[in-house]
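J.: this one's structure only:
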Ligand code: DGJ
């Protein structure tokens, strides 16, 4: 049983042996929080866990004769403001001409096996889970609040969301409605987040919680390059592999906030939800508003334990079912090879040359439609440019398929260029007002809050998918939303714009992915500007960053792995000097970094030397041999590029019989230590492992305690014996457990 209830005490205990989450109805009818953390033994009554201290004479309290019952100090499940609690609330909703102080009191609960879908929103799914829905009512507002909690059977994961129904006759206005709020009893945590900017996404940032508000957020109409909707609260003593970490991820791709408010008693309130700035939702009689979902992971195995829980959840319970076990094709994308300058002949040559290397999918990026010779025109005109491709897309798709490759296309469905036929026909389809518009990459945003625009895009895209028998779509989004105004919404509905916009994006994804489940979607937003679980529900992989430099990618991929499986990260080998950094790295290192993701190439294969082509053929065989391990294995971060001149990580198969280890040294060290080893993780201590290319075999405990011997680095005196030299060196090791016969010989 995953959910225990005590009807008399009105207590609820969600537990699966890994995590416990406990709450109860308090004497004022509100829901009080008792505990979140490592699984506790179940007992019939947990009332003693409620903190119930008389605060100070200055505090307000709910009952005249009970000064200890102050919402300022009681931990709550879904707090409101203005009722003796002065912290930022989970919900703010009201009627015209009445104080906005919701008073939701417990009504009833129901338990469901599995996990119901969230209408119109992406969310995790499972039939190996239990859900409890707590219904609370505010009689004055005539509104029903439902808090949804799902606990997964075999994962340290709880998900939360909330919905609000107006069962009265008057309109309600919601100013703020979070997916979840958690009151922690203390503030002894490191606030750990993934932040950055374009081409430097998801760098790991850490700071200690202090009294006051600390938050990450986006107001850009996308989850953003700048702050990922991920937050970990790490205990002060926790490390990569030990200690307690609470991880949170918001399954949403638009404006969000993840905030921790540390109050004057040093307690910490976490709230996660749609950013309340500018948000105003009219809830008409009989309507329901549903918040997006918050995923909450508990780990007592440090940050890495948290990441592994997110990875397994997203692999098994978030990405489209079709892609769970399907191999993702190794692709070549023509963007950095040609930019806008191509024709059919050039593309077919690239595809043919790539196919000879073993590449499986050819992706035609931006520039195939309208009159798009640069980024100043044609978004919205999704018909082929016959000057570049005189025989049409169908012919190119056929030629690609005759070469033995699958065919993929780039779209930017949410955008419109002012210089486009679509704009000339429908100027009101763009977001903004005619008197004020801000540009970004010479383009405007289509008003996806309007269903007729979403329908139009659906038809355009579905026709091309059918015509070209597309296997893959890269769905890009290259600018953020300004002047967030829809020419169709009423003036009192403009506060609904951002949410309605993303619901429109989700509905297009939903229609396309359900009608064409075999088309692989890769989400993209100028690189990794919308790398979030909302997108992952439809698109199992995302273009991690426009920065394809192998050394920059160490940080980006390392940070991204905090929440997202490596098999969701589009990672390509690109040409040197790199187009974003002008850095020249060895081809080997470019592949060694890109292997730990969904692998591909972003270069012109026609410019490669014979030697490079041979090396790439080897890389492709290597990736194909290890693709299942990369998709299904457990990922361990070993050395952080944020702390060292080195980085390392590894992926171990679920049965611990094989592993792939990546080691990277950023700058060469003169006269470096001679006995450099790398301590591994996740192996079977008693199994013996062989390391490809090395005659020695090792026990798992040796590899984890003593470490794997790293190849000798050039240091001036060992030039002949050195295997690595110069900057940006790397090594990937393949480990396999060996059988007893083999072991006997090598283990003596
Ligand atoms: C931004 C993407 O991240 C790039 O990979 C490429 O597709 C360009 N857009 C095309 O405009």
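T.: Alright, I've got the coordinates. Here the structure is a predicted model, which means the values were calculated and not measured. Residues are numbered from 1 along each chain as shown.

J.: C-alpha from now on. contacts and neighbour counts both.
T.: Will do.

J.: quick one: contacts for the nearest residue to residue 721 once chain neighbours are set aside?
T.: Residue nearest to residue 721 in three dimensions, not counting chain neighbours: residue 712, with 7.1 Å by C-alpha to C-alpha, 6 or more residues apart in numbering. Each residue near residue 712 by C-alpha atoms under 8 Å, 6 or more residues apart in numbering is listed here: 674, 676, 721, 722, 723, 724.

J.: which of those fall within strands?
T.: The strands in this structure, assigned by DSSP state E, contain none of the contacts of residue 712.

J.: pull out the buried residues from those.
T.: With burial judged by 16 or more other C-alpha atoms under 10 Å, the buried subset of these is residue 724.

J.: and the contacts of residue 712, which two are furthest apart?
T.: By the measure C-alpha to C-alpha, 676 and 721 form the most distant pair in the contacts of residue 712, at 14.5 Å.

J.: and the ligand, which of the contacts of residue 712 reach it?
T.: Subset of those in contact with the ligand: empty, counting by C-alpha under 6 Å from any ligand atom.

J.: show me which of the contacts of residue 712 is closest to residue 115.
T.: residue 676 (48.9 Å).

J.: quick check: closest non-adjacent residue to that closest one.
T.: Once its chain neighbours are removed from consideration, residue 676 has its nearest residue in residue 710; the separation is 5.6 Å (C-alpha to C-alpha, 6+ apart).

J.: residues contacting that neighbour?
T.: By C-alpha under 8 Å, 6+ apart, residue 710 lies in contact with 675, 676, 677, 678.

J.: among those residues, name the buried ones.
T.: Among the contacts of residue 710, those buried by neighbour count (16+ other C-alpha under 10 Å) are residue 678.

J.: dump the contacts of residue 710 into TSV; add pLDDT as well.
T.: What follows is the contacts of residue 710, written out as TSV (pLDDT from 0 to 100):
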residue	pLDDT
675	72
676	88
677	95
678	97
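
J.: which ones are touching residue 679?
T.: By C-alpha under 8 Å, 6+ apart, the residues touching residue 679 are 638, 703, 704, 705, 706, 707, 708.

J.: try it again at 7 Å.
T.: Counting by C-alpha atoms under 7 Å, 6 or more residues apart in numbering, residue 679 touches 703, 704, 705, 706, 707, 708.

J.: among the residues you listed, which pair sits farthest apart?
T.: Taking C-alpha to C-alpha as the measure, those reach their widest spread between 705 and 708, a distance of 9.2 Å.

J.: whichever residue of the stretch 601-748 of the chain sits closest to the ligand - how many residues pack around it?
T.: With C-alpha to the nearest ligand atom as the measure, residue 602 is the residue of the stretch 601-748 of the chain nearest to the ligand, at 9.1 Å. Residue 602 has 20 neighbours, counted by other C-alpha atoms under 10 Å.

J.: contact residues of this structure facing the ligand?
T.: Counting by C-alpha under 6 Å from any ligand atom, the residues of the chain that sit close to the ligand are 365, 366, 524, 525, 526, 527, 546.

J.: which residue ranges make up the domains of this structure?
T.: With automatic domain parsing serving as the domain definition, the record reports that the chain contains domains spanning 3-317, 321-418+452-483+506-628, 646-746.

J.: which one of the ones you listed lies closest to residue 634?
T.: Distances from residue 634 to each of those were compared using C-alpha to C-alpha; the shortest belongs to domain 646-746, at 5.2 Å.

J.: chain center to the closest one, what's the gap?
T.: Centroid separation between domain 646-746 and its chain, computed with C-alpha atoms, centre = their mean, to the nearest Å, is 30 Å.

J.: and the closest residue to residue 202 other than its chain neighbours, what helix or strand is that in?
T.: Spatially, and ignoring its direct neighbours in sequence, residue 202 is nearest to residue 194 (4.2 Å; C-alpha to C-alpha, 6+ apart). Assigned by DSSP states H and E, residue 194 belongs to strand 189-197.

J.: report the secondary structure state of residue 359.
T.: The three-state label given to residue 359 by DSSP: H, G, I helix; E, B strand; the rest coil is coil.

J.: now do residue 132
T.: Reduced to three states with three-state DSSP, the structure at residue 132 is strand.

J.: where's it relative to residue 569, distance?
T.: 33 Å (C-alpha to C-alpha, to the nearest Å).

J.: which parts of the protein are helices?
T.: Assignment of helices within the chain using DSSP state H yields the ranges 302-317, 335-338, 344-357, 392-403, 421-425, 451-468, 497-515, 533-536, 550-560, 587-594, 610-632, 700-705, 740-747.

J.: mind checking these for the one nearest to residue 433?
T.: Ranking those by distance to residue 433, with C-alpha to C-alpha as the measure, places helix 497-515 first at 13.2 Å.

J.: which residues touch the closest one?
T.: In contact with helix 497-515 (C-alpha under 7 Å, 6+ apart) are residues 120-121, 221, 254, 447-449, 451, 454, 458, 484-486, 538.

J.: any chance of the contacts of residue 712 in TSV, plus distance to residue 394?
T.: Below are the contacts of residue 712 laid out as TSV (distance: C-alpha to C-alpha, whole Å):
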residue	distance to residue 394
674	58
676	55
721	54
722	52
723	49
724	47
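
J.: circling back: closest to the ligand among the contacts of helix 497-515?
T.: For the ligand, the closest of the contacts of helix 497-515 turns out to be residue 221, at 16.9 Å, with distances computed as C-alpha to the nearest ligand atom.

J.: might you report the residue contacts of that closest one?
T.: Residues in contact with residue 221, defined by C-alpha under 7 Å, 6+ apart, are 254, 255, 480, 481, 498.

J.: now the stretch 301-450 of the chain against the ligand: closest residue?
T.: Distances from the stretch 301-450 of the chain to the ligand, computed as C-alpha to the nearest ligand atom, single out residue 366 as the nearest residue at 4.8 Å.

J.: next up, the contacts around that residue.
T.: Contact criterion C-alpha under 7 Å, 6+ apart gives 340, 410 as the residues in contact with residue 366.

J.: and it, backbone torsions?
T.: With angles defined as degrees, to the nearest 10, residue 366 shows backbone torsions of phi -50, psi 150.

J.: which pLDDT value belongs to it?
T.: Note on residue 366: pLDDT of 98.

J.: mind checking pLDDT for the nearest residue to residue 259 once chain neighbours are set aside?
T.: Of all residues not flanking residue 259 in the chain, residue 215 sits nearest, at 4.1 Å (C-alpha to C-alpha, 6+ apart). Among the per-residue scores, residue 215 shows a pLDDT of 98.
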